[in-house]
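Novice: attaching a predicted model along with its sequence, questions to come.
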Amino acid sequence: MILAGDVGGTKTTLALFEPRAGELLPIRDETFASHDFPSLEAVIARFLGSAPHPPIGAACVGIAGPVVDGRVLTTNLPWLIDERRLAETVPVARARLLNDLEATAHGIWALRDDELFVLQPGVSRRGHVAVIAAGTGLGEAIVVDDGRTRTVIASEGGHADFAPRGELEEDLLRYLRKEFGRVSYERVLSGPGLVNIYRFLRDTGAAPESAAAVSAMRDHDPAAVVTELALHGGDRLCQLALNVFVSIYGAEAGNLALKTLAVGGVVVAGGIAPRIVSALGAGAFVNAFRDKGRLASLMETIAVRVALTPKTPLLGAARVAASLV
């Protein structure tokens with residue numbers, strides 16, 4: 001039996017898997033609100049104490065934050081997590097901590113074809129793969145393919161400086177700089193980032209704010225409200241915000257593909273993409289992805305797909321945990 005986890009700023013999912021004949025059979029999983037717990041160890045204690053289970057041989061947890069020397073101070077949670085303490089808590093002989101996008105990159109190889117939505121078919125070939133995922137934050141990872149093996153490289157590319165591409169995005173940068181000082185891509189490409197775009201468009205008069213949006217945001221997550229009203233409510237301001245978000249998302253996915261020469265493809269993962277797949281597929285994302293000047297023809301050959309299952313990082317952590325047994 002192995003324990004796998006996916007820790008995000010909003011929720012934490014833990015699962016038990018049983019390795020059998022080269023497959024990982026899911027036994028039980030449970031999702032918890034991260035901010036309801038003082039530590040990861042407290043979440044694990046709740047999960048493992050809720051039902052009997054066979055001995056656990058190894059554990060791996062993907063976490064939103066930079067993992068250095070087996071330790072991480074989570075970006076959007078006040079948790080300090082250590083591999084040795086994780087091993088003692090479970091307890092197991094071996095435990096690993098991964099950046100959440102590192103776990104996601106391991107997990108994409110476990111996805112079926114029907115769990116991937118094609119934005120751009122590109123050319124089928126081996127090569128480096130780039131993974132980008134907007135959710136509570138923005139994560140990026142690289143899969144290096146040397147023709148024989150694949151090696152996953154974690155990054156904190158989501159915290160790189162936001163680079164506007166035109167007057168509207170330049171105004172957006174100035175607007176956010178007044179509030180945050182430095183502006184990273186995560187300030188734009190994330191759940192809070194979508195709300196930042198919405199506020200910018202509202203405050204600069206791009207469209208009036210509707211009473212329905214104001215009312216819904218009092219009781220619900222503002223990013224979810226913007227998404228719902230953009231896709232299904234006909235709200236003009238929400239639609240504009242989502243359109244800007246999607247275009248910037250495509251541009252940054254293209255930036256990552258260029259920096260890594262990801263001719264093996266780009267996978268768009270994270271919690272937001274599956275909810276807005278119709279908007280991602282409408283054209284603005286791919287147009288921005290391809291719009292790379294003299295390298296536009298290369299960008300047209302790179303396959304771009306959306307990971308539809310939110311459990312991709314959990315599957316990746318499970319695959320790594322199984323390798324530790």
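Specialist: Alright, I've got the coordinates.
Novice: my guess is His239 meets Thr227, correct?
Specialist: Careful, residue 239 is Gln and not His. No: the criterion here is Cβ atoms under 8 Å, and Gln239 misses it with Thr227 at 10.4 Å. For glycine as for every other residue, the C-beta is placed from the backbone atoms N, C-alpha and C.
Novice: tell me which of the two has more neighbours.
Specialist: Neighbours were counted for Gln239 and for Thr227 using other Cβ atoms under 10 Å; Thr227 has more, 22 against 17.
Novice: which SSE is the more buried one in?
Specialist: Assigned by DSSP states H and E, Thr227 belongs to helix 222-231.
Novice: can you tell me the average pLDDT over the helix or strand following that helix?
Specialist: Per DSSP H and E, the first helix or strand lying C-terminal to helix 222-231 is helix 236-260. For helix 236-260, mean pLDDT rounds to 98.
Novice: report the angle between helix 236-260 and helix 222-231.
Specialist: 110 degrees (axes from the mean of the first three to the mean of the last three Cα atoms, to 10 degrees).
Novice: just checking: what are the partner strands of the helix or strand following helix 236-260?
Specialist: Moving toward the C-terminus from helix 236-260, the next helix or strand (DSSP H and E) is strand 265-269. When pairs are called by DSSP bridges, strand 265-269 turns out to pair with strand 129-134 (parallel), strand 304-307 (parallel).
Novice: contacting residues around the first one?
Specialist: Same thing as strand 129-134. In this structure, residues lying in contact with strand 129-134 by Cβ atoms under 8 Å, 6 or more residues apart in numbering are 100-101, 104-105, 108, 138-143, 145, 150, 189-191, 193, 249, 252-253, 256-257, 260, 262, 264-273.
Novice: with the last one instead?
Specialist: By Cβ under 8 Å, 6+ apart, the residues outside strand 304-307 that reach it are 104, 107-108, 111, 115-120, 122, 253, 265-269, 273-274, 277, 280, 286, 289.
Novice: please flag which of those sit within strands.
Specialist: Of the contacts of strand 304-307, the ones assigned to strands by DSSP state E are 116-120, 265-269.
Novice: which among those count as buried?
Specialist: 116-117, 119-120, 265-269 (16 or more other Cβ atoms under 10 Å).
Novice: and these, which is closest to Leu40?
Specialist: Ala269 (21.6 Å; Cβ to Cβ).
Novice: return the set of residues that bridge with the closest one.
Specialist: Bridge pairing for Ala269 (DSSP bridges) gives the partners Ala133.
Novice: show the pLDDT at it.
Specialist: Ala269 carries a pLDDT value of 97.
Novice: and it, how far from Gly8?
Specialist: As judged by Cβ to Cβ, to the nearest Å, Ala269 and Gly8 stand 12 Å apart.
Novice: how about Glu18, secondary structure?
Specialist: Here Glu18 is strand, with the state taken from DSSP: H, G, I helix; E, B strand; the rest coil.
Novice: which residues sit in contact with it?
Specialist: Applying Cβ under 8 Å, 6+ apart to Glu18 gives the contacts 1-2, 24-25, 27.
Novice: with Leu308 instead?
Specialist: Taking Cβ under 8 Å, 6+ apart as the test, what Leu308 contacts is 115-117, 274, 277.
Novice: of all these, which comes closest to Thr309?
Specialist: Glu115 (4.9 Å).
Novice: count the residues that sit near the closest one.
Specialist: 17.
Novice: is it in contact with Thr309, as I believe?
Specialist: Yes: counting by Cβ under 8 Å, Glu115 does reach Thr309; the two are 4.9 Å apart.
Novice: all helices for the protein, in order.
Specialist: Secondary structure of the chain by DSSP state H: the helices cover 40-49, 83-89, 100-107, 167-180, 191-203, 211-219, 222-231, 236-260, 277-280, 284-290, 296-299, 312-324.
Novice: give me the contacts around the last one.
Specialist: The reference is to helix 312-324. Contact with helix 312-324 is made by 2-6, 13, 15, 17, 19, 24, 29, 57-62, 94-96, 98, 100-111, 269, 309, as judged by Cβ under 8 Å, 6+ apart.
Novice: please state the offset of it from the chain centre?
Specialist: Distance, stretch centre to chain centre, for helix 312-324: 16 Å (Cα atoms, centre = their mean, to the nearest Å).
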